[in-house]
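Engineer: Next comes the sequence, and after it the predicted model I'd like to discuss.
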Amino acid sequence: MMSTYKRATLDEEDLVDSTSDDIYPSSPMQITLRHGHGPTCWAERTQRERRLLLLTCALSVGLFISLITAGIFYKQTHPGLCLTEPCITVASAVMGALDRSVDPCHDFYNFACGGWVKNNPLPEGKSRWGPFSNLWEHNMLVMKHLLENTTMKGLSKAEEKAQRYYQACMSEAKIEALGAQPLQELINQTGGWALNGPWDKDNFQEVLRAVSANFRTSPFFTVFVSTDSKNSNSNIIQVDQSSLGLPSRDYYLNKTANQKYLTAYLDFLVELGVLLGGSEETSRSLMEEILQFETTLANITVPQEERRDEELIYHKMQAKDLTTLAPAVDWIPYLNEVFAPVPLNESEPVVVYAKEYLQKVSDLITNTNKSLLNNYMIMKVVRKMVSVLDQRFQDAEQRFLEVMYGTKKSCTPRWKLCVSDTDSALGFALGALFVKATFTEDSKTIAENMVSEIKWAFEDSLKYVSWMDSDTKKAAKEKADAIYNMVGYPQFIMNTTKLDKVFNDFEVVSDLYFQNVMQYYNFSARVTADQLRKTPNRNQWSMTPPTVNAYYNPTKNEMVLPAGILQAPFYSRSWPKALNFGGIGVVMGHELTHAFDDQGREYDKDGNLRSWWKNSSVEAFKKQTQCMVEQYSNYSINQEPLNGKHTLGENIADNGGLKAAYKAYVNWIKKNGEEATLPALGMTNHQLFFVGFAQVWCSVRTPESSHEGVITDPHSPSRFRVIGTISNSHEFSKHFGCKADAPMNPKHKCELW
């Protein structure tokens, strides 16, 4: 019994040699001793034993190496779950936004965003809502606390001005007490208008100069200083068609579809007239004339989609040539007043972007009653000043916006208007406060490294662009290499002396909001004039640091990513790289691709508008992009088709951005290995990349706001920014296993970069 038991207990290899007397030792201890004190000399082994021992050792070593290798490989290919707090939190957010009942290959936007849309009804007073707006609200709250914290020590003069400007905006009692008086005084100083009594003056030129120079309005055309597109080392005066009272010419010209907007606009103008002292009857009669005149202006305004080829619309001339082109305006006195104190003469170079329009607007001015022209110019000033006046004016505008954008009536807190306005006027002083409070320097380094990875991906893809000739490819790579990255904030804002110098001429007084706004207009006019003829400044940004956005500037060949967007849901250092590449990575790729869209491609690596492509590649580019024009024109929202020509540049950037960011992510994995996946989602990180990209664009919007977007916005609506790009992505269909010809995997894909 015992022997049977022992055999059962011991493995065969633990038994001692059968020649031994004690075949079954009486205790385990003895087994060990016998095992340890057996023959040890190699020479004493038989040849067969030696061979077996070698084989056993080799197998053991091989097995050990195999196990180690398998372990490493398994860890790389199955890196497990990320169970840190940020991973669990973001996994929950991603999951909450999904709608699993939707097939991702059938409608990826609803799959990625269906849950988000269901859980995010439009907030009161908003016409659209999404992650961008949510982050901007967060940034505004941060700015509010900074502006209200007057006990902070060591502020620069500029930062103190920002706080003072905000406080004056918040002085509602003072604003209410003044009522319409500040604006009425301005109108009287400018020469009055027919609202308050008979008006018969021949002062068109003087009024045009005053409203343009002092109040920064652009009644018939707009003049500004910007980089000369054909000489990017110099700033030059530029002239273009002006904007209208409604967001687009379409509102005036398609009366049937837009009647409710036109009616609301007219009622708004009439109400403004009454608030400024006119009778209901006089105000209605005057504003009807103005609306009719603005409709005529809309008729001669060139649609934006016809202005995309900048080579065609760029016309350089001397100031005196404007007099021949549009004789209704006394150009030299006009330019001298607008750009005072810089003296100008007839030979001053000017770039005109709306030659035919200027000719037509000059004829219109000549053939229009002087009183109507004056009323129109004053009305432009009134519209601009509405938000600076008392609550009655705010309420009138609110009623108009409710119709215009379909917002439900809401009482937007005064502080939001004041934070936003302070950001507009003193955004770099406020930005200094914001950056010091929220932005860590290593975020800048991480973002800059990501930009380099995206740039590498874009440039590597250029090798495989089949429709482009090799010389143009080489020049395109040079341009991509030369793109200048601006991340976080311009350096000067961190230097108190430099920051104070920028805002030195901007006087900000306590409690007088209207006066501060007027001071800002004067200040910005002087800053603009001061830039004339100078070399464009690399440190001059078009967006303030808290802004939740990014941009590409073709004349400087630079991309700018403000601190405001380098936050969740676009980026977080503690998230999987899949989400960061799908979020901020796609934004970076989008801006970089703008250098090669239908407009950006016309500029060379130094930011000059010139032909640097071979003709064969230009033709091939146009053929390739026609695919996208048609693709997006086939989408519609609320039965209204999109304008694929108008949105072409942004669609190219969306498609190129997604492709470059995905390629950069795959390259990151090659270098660093697969990351741990997020828990509970049941998604690979490749799938997560695409979901992360889509969820940045989850949004809700009123039908009126959607209508306005289709007419005016060069970006496609959010839904089509998602499904338009992923429909052209082979990688998307591969990772989601989409069958051929599934709605998100069409056979014919548009491919450019």
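Structural biologist: Looks like it came in fine.

Engineer: where along this protein do the strands fall?
Structural biologist: Taking DSSP state E, the strands of the chain run over residues 128-129, 221-228, 231-241, 315-318, 349-352, 484-488, 551-553, 558-562, 636-637, 640-641, 700-701.

Engineer: Run me through the strand neighbours of the fifth one, direction for each.
Structural biologist: Partner strands for strand 349-352, per DSSP bridges, with pairing direction: strand 231-241 (parallel), strand 315-318 (antiparallel).

Engineer: Which positions within that strand qualify as buried?
Structural biologist: Neighbour-count burial for strand 349-352, with 16 or more other C-beta atoms under 10 Å as criterion, is recorded at V350, V351, V352. The way it works is simple: take the backbone N, C-alpha and C, and place the C-beta from them, glycine included.

Engineer: Relative to M143, which of these is nearest.
Structural biologist: The nearest member of the buried residues of strand 349-352 to M143, counting by C-beta to C-beta, is V351 at 36.0 Å.

Engineer: List the contacts of the nearest residue to that closest one once chain neighbours are set aside.
Structural biologist: Closest residue in space to V351, ignoring its immediate chain neighbours: Q238 at 4.8 Å, by C-beta to C-beta, 6 or more residues apart in numbering. By C-beta atoms under 8 Å, 6 or more residues apart in numbering, the residues touching Q238 are V223, F224, V225, S226, V350, V351, V352, Y353.

Engineer: Pick out whichever of the residues you listed sits closest to R538.
Structural biologist: S226 (14.8 Å).

Engineer: residues contacting the closest one?
Structural biologist: N235, I236, Q238, T555.

Engineer: rerun that using 7 Å as the cut-off
Structural biologist: Applying C-beta atoms under 7 Å, 6 or more residues apart in numbering to S226 gives the contacts N235, Q238.

Engineer: any idea how far Y520 is from it?
Structural biologist: S226 is 20 Å from Y520, where distance means C-beta to C-beta, to the nearest Å.

Engineer: can you check G582 too?
Structural biologist: Separation of G582 from Y520 (C-beta to C-beta): 39 Å.

Engineer: can you pull the pLDDT of E271?
Structural biologist: pLDDT recorded at E271 is 97.

Engineer: Nearest spatial neighbour of it, chain-adjacent residues omitted?
Structural biologist: Excluding the flanking residues, the one nearest E271 by C-beta to C-beta, 6+ apart is A396, at 4.5 Å.

Engineer: My guess is the one you found contacts L272. True?
Structural biologist: Yes - counting by C-beta atoms under 7 Å, L272 is a contact partner of A396 at 6.2 Å.

Engineer: Look at those two and report which has more neighbours.
Structural biologist: L272 (26 against 20; other C-beta atoms under 10 Å).

Engineer: got the contact list for K670?
Structural biologist: K670 touches nothing, counting by C-beta under 7 Å, 6+ apart.

Engineer: Use 28 as the first number from now on
Structural biologist: With 28 as the first residue, the last one maps to K697.

Engineer: State the distance from it to P572.
Structural biologist: For K697, the distance to P572 (C-beta to C-beta) stands at 34 Å.

Engineer: Can you lay out the contacts of Q265 as TSV showing distance to R127 and pLDDT?
Structural biologist: Formatted as TSV, those follow (distance: C-beta to C-beta, whole Å; pLDDT from 0 to 100):
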residue	distance to R127	pLDDT
V250	55	96
F251	51	95
V252	54	96
S253	49	95
V377	59	97
V378	54	97
V379	56	97
Y380	50	96
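
Engineer: Quickly name whichever of those residues is closest to L213.
Structural biologist: The closest of these to L213 turns out to be V250 (C-beta to C-beta; 20.9 Å).
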